[in-house]
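[1] Requesting a structural model of the entry that follows:
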Amino acid sequence: DVPGHRKVVVDIGYGGTFYAFLSAEQLGLDVCSSKTRDLVNAASAVTEAVKKQFKLHHPESEDLAFLYGTILTDGKDAFSEEPTTNICVFADEQVDRSPTGSGVTARIALQYHKGLIQLNQTRTFRSSTTGSLFTGKAVK
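    I've put the predicted structure just below:
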């Protein structure tokens, strides 16, 4: 339940730190065309809602069991040769200029876990703010 929005479905993924993931569309936004400030405000609201409503657990260190931020996506999680776009809002409403290394790692893990990609399928991720590209793949 995200105050100022509605109930949304998020995935929590870990790629060196925990992120909440959801399509911007669930918040009435478009990760490619909405204003960055609107995306930041919505992502921050999601981060705060998740922190209040869920307790995270890290299997090796409780010091790592915290939500670092929210990554809003274009919703294109199934495998495609085309890039999928996201914006990472972390810490104190900071926006990553890149698709985010730990975020790409977590997103690949989620896509693999959901059966949306196979091992060794390379995905390309685009930053909605700069257009920079990262690639990633699940290897085991």
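[2] which one's the longest helix in this structure?
    Identified as the longest helix of the chain according to DSSP state H is helix 36-53.
[3] what are the pairing partners of the lowest-mean-pLDDT helix or strand in the chain, and which direction each?
    Counting by mean pLDDT, DSSP states H and E, the chain has its least confident helix or strand at strand 94-95, which shows a mean of 92. If you go by DSSP bridges, strand 94-95 pairs up with strand 84-90 (antiparallel).
[4] hang on, the earlier thing: and the contacts of the least confident helix or strand of the chain?
    The contact list for strand 94-95, computed with C-beta atoms under 8 Å, 6 or more residues apart in numbering, reads 36, 40, 87, 88, 89, 129. The C-beta positions use only the backbone N, C-alpha and C, and glycine is treated the same way.
[5] Lowest-confidence member of those residues, which is it?
    Lowest pLDDT among the contacts of strand 94-95: residue 129, with 91.
[6] Was I right to think that one contacts residue 87?
    Yes: the criterion here is C-beta atoms under 8 Å, and residue 129 meets it with residue 87 at 6.2 Å.
[7] More neighbours: which of the two?
    residue 87 (28 against 18; other C-beta atoms under 10 Å).
[8] Nearest spatial neighbour of the more buried one, chain-adjacent residues omitted?
    In this structure, residue 87 finds its nearest non-sequential neighbour in residue 128, 4.4 Å apart by C-beta to C-beta, 6 or more residues apart in numbering.
[9] dump the residue contacts of the one you found.
    By C-beta under 8 Å, 6+ apart, the contact list for residue 128 reads 31, 32, 39, 85, 86, 87.
[10] Which of these lies at the shortest distance from residue 118?
    Comparing the contacts of residue 128 against residue 118 with C-beta to C-beta places residue 86 closest, at 20.8 Å.
[11] Check whether residue 43 really touches residue 86, as I assumed.
    No: between residue 43 and residue 86 there is no contact, the gap being 10.2 Å when judged by C-beta under 8 Å.
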